[in-house]
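> With the sequence up front, the predicted model follows.
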Amino acid sequence: MAEIVLKSIQGISNLNWQYQIDSGYESSILALVEIYSIFPESKTDVEFILFFLLLSQENEIIDSIIKAILELNKIDEKASLKITKVYLEFKPIWEKAKKEDRLKHIPQGSILVEKYMKYQFESDGKLSSIFLKQNESQIKELFKNSPLFDFENLDNLELYHFYRLFAIIPSNTKNPEYLELAEKIIKRLPKIIFHDKDNFELRRNFIKKLVEFILNRETAEVETYLKPLLENFVVNRETEYLFEDFIMSINKKNNEDSFWKVWDYFYPKVISEIKNNYNGHSDEVLKSYLFCNLSLNEHHTKWTATQKRLLEKLNKDLPESGMLLYCLSKLGSTVYRDLVDKDFIIWLKNLTSKIQENDTELEQNTVYYLEKVVVNYYHQNTKELKQKSEPRDNFIEILNFLIEEGSIEPVCNY
């Protein structure tokens with residue numbers, strides 16, 4: 001069984017192999033990990049095949065290769081770490097060899113695309129054989145001795161290959177060598193995430209992996225890996241995606257402590273950018289940060305000291321923000337519908353007063369959401385509103401604001 005799978009998978013190493021959706025290679029690649037664990041005599045072959053596939057492939061099976069290496073890490077961390085180290089060592093060498101080989105046969109600036117592509121598929125198979133013969137002893141030596149990471153090579157990787165290296169780091173790793181590599185990679189990410197206007201899908205992949213990695217850290221470690229993003233923080237569409245991916249990730253797993261630590265670190269950056277560098281993305285970033293574009297699921301919709309402190313700080317720091325009023329009104333009528341309390345009403349009253357005083361423009365649907373908050377709060381707290389003057393006065397101020405904005409529904413209900 002092992003011999004059959006190993007022989008079939010080796011066909012991919014000949015680079016003139018072209019991907020076909022029904023080839024079955026994805027299954028064979030994932031089966032390599034089972035072979036590794038069941039047949040000890042095949043370990044060296046499996047390690048080398050996974051390394052060379054990771055090194056050489058540029059097609060649709062790369063996701064299966066990454067998944068296989070991550071699965072290998074679960075049963076033998078040293079083996080997956082060796083593959084990662086040797087990949088970083090040899091990837092720039094491999095790419096240089098490919099480029100030099102093609103330049104020998106294709107005139108620089110040639111527009112004969114068909115001829116080039118035909119040569120590419122015929123040549124790569126030969127190149128792989130030549131490359132392996134030339135570097136076999138050094139590759140074997142590196143696998144044997146598991147060298148230190150050559151971090152200088154990080155700047156010699158193309159963007160796709162740089163992501164590949166990040167992707168094969170286990171997100172929940174506690175291995176110091178992996179953690180050092182991750183830190184070196186993350187330091188280079190702000191430029192890619194915030195400023196690279198090409199490679200949209202690749203930027204999203206970087207963000208997803210970064211989020212997953214950070215939320216697997218202990219709270220004391222979060223700042224170390226978040227620091228490059230904080231130091232280079234900007235407000236743009238990628239910032240929206242970053243926040244939304246954090247929310248999606250926390251909705252899938254219960255790691256609230258690290259999540260709220262991340263949110264605390266981002267808070268001063270969000271406020272500073274909105275106040276001092278307002279641009280066309282500022283409002284959407286605030287919406288994402290406050291769960292209005294993508295909400296927390298039911299496991300996280302309970303008042304905590306952290307959440308209340310966050311909303312209270314926002315009211316102090318953005319006292320006349322029409323977008324903040326929109327966000328609080330939407331939250332209070334949807335995800336926090338049953339959690340609106342007297343403090344929440346005070347926040348809304350303070351915002352509406354300042355907005356009215358400064359004639360601040362409202363976000364579309366603000367009145368609609370605020371009406372729902374007011375009606376729901378009245379039905380849940382009718383007795384208190386009739387008996388206590390302070391809550392009633394705050395509530396009436398919000399009603400007056402709604403009347404000024406042309407709303408009559410809450411007044412009718414009241």
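Cool, got the structure.
> Got the domain ranges for this protein?
Residue ranges for the domains of the chain, per automatic domain parsing: 1-181, 188-300, 316-414.
> quick one, which of those is nearest to residue 310?
domain 188-300 (7.0 Å; Cβ to Cβ). Backbone N, C-alpha and C define where each C-beta goes, glycine included.
> quick one on the thing from earlier: in a markdown table: the domains of the chain, plus distance to residue 309, mean neighbour count and mean pLDDT.
Below are these laid out as a markdown table (distance: least, Cβ to Cβ, whole Å; neighbours: other Cβ atoms under 10 Å; pLDDT from 0 to 100):
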| stretch | distance to residue 309 | mean neighbour count | mean pLDDT |
| --- | --- | --- | --- |
| domain 1-181 | 29 | 16 | 81 |
| domain 188-300 | 9 | 17 | 91 |
| domain 316-414 | 11 | 17 | 90 |
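> mind putting these in TSV, distance to residue 307 included?
Putting those into TSV (distance: least, Cβ to Cβ, whole Å) gives the following:
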stretch	distance to residue 307
domain 1-181	26
domain 188-300	8
domain 316-414	9
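> Could you export the one helix or strand residue 400 maps to as CSV, CA atoms only?
Taking DSSP states H and E as the definition, one finds residue 400 inside helix 389-404. Taking C-alpha atoms only, helix 389-404 is exported to CSV below (Å, rounded to 0.1, in the frame of the first residue of the first chain):
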residue,chain,number,x,y,z
SER,A,389,-37.5,60.4,37.4
GLU,A,390,-33.9,60.0,36.3
PRO,A,391,-34.4,57.0,33.9
ARG,A,392,-37.6,58.6,32.7
ASP,A,393,-35.9,62.0,32.0
ASN,A,394,-33.1,60.2,30.0
PHE,A,395,-35.7,58.2,28.1
ILE,A,396,-37.7,61.3,27.3
GLU,A,397,-34.6,63.1,25.9
ILE,A,398,-34.1,60.3,23.4
LEU,A,399,-37.8,60.5,22.5
ASN,A,400,-37.4,64.3,21.9
PHE,A,401,-34.5,63.6,19.6
LEU,A,402,-36.6,61.1,17.6
ILE,A,403,-39.4,63.6,17.3
GLU,A,404,-36.9,66.2,16.0
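> residues making contact with it?
With contacts defined as Cβ atoms under 8 Å, 6 or more residues apart in numbering, helix 389-404 is touched by 342, 345-346, 348-349, 352-353, 355-356, 367, 370-371, 374, 377-378, 381, 384-386, 410-411, 414.
> swap in stretch 153-173?
With Cβ under 8 Å, 6+ apart as the criterion, stretch 153-173 contacts 54, 58, 62, 66, 69-70, 73-74, 80, 83-84, 87-89, 91-92, 95, 178-179, 181-182, 184-185, 188, 192, 196, 199, 202, 205-206, 209, 212-213, 216.
> again, but for stretch 70-87
Stretch 70-87 is touched from outside by 30, 32-33, 36-37, 43, 46-47, 50-51, 54-55, 69, 139, 142-143, 146-150, 164-165, 168-170, 173, 175, 177-178, 181, with contacts defined as Cβ under 8 Å, 6+ apart.
> Let's see that with 6 Å instead.
By Cβ atoms under 6 Å, 6 or more residues apart in numbering, the surrounding residues in contact with stretch 70-87 are 33, 37, 47, 50-51, 54-55, 69, 142-143, 146-147, 149, 168, 170.
> Can you mark which positions in the helix or strand where residue 316 lies are buried?
Element membership for residue 316, per DSSP H and E: helix 305-317. Going by neighbour count (16 or more other Cβ atoms under 10 Å), the buried part of helix 305-317 is 307, 310, 311, 314, 315, 317.
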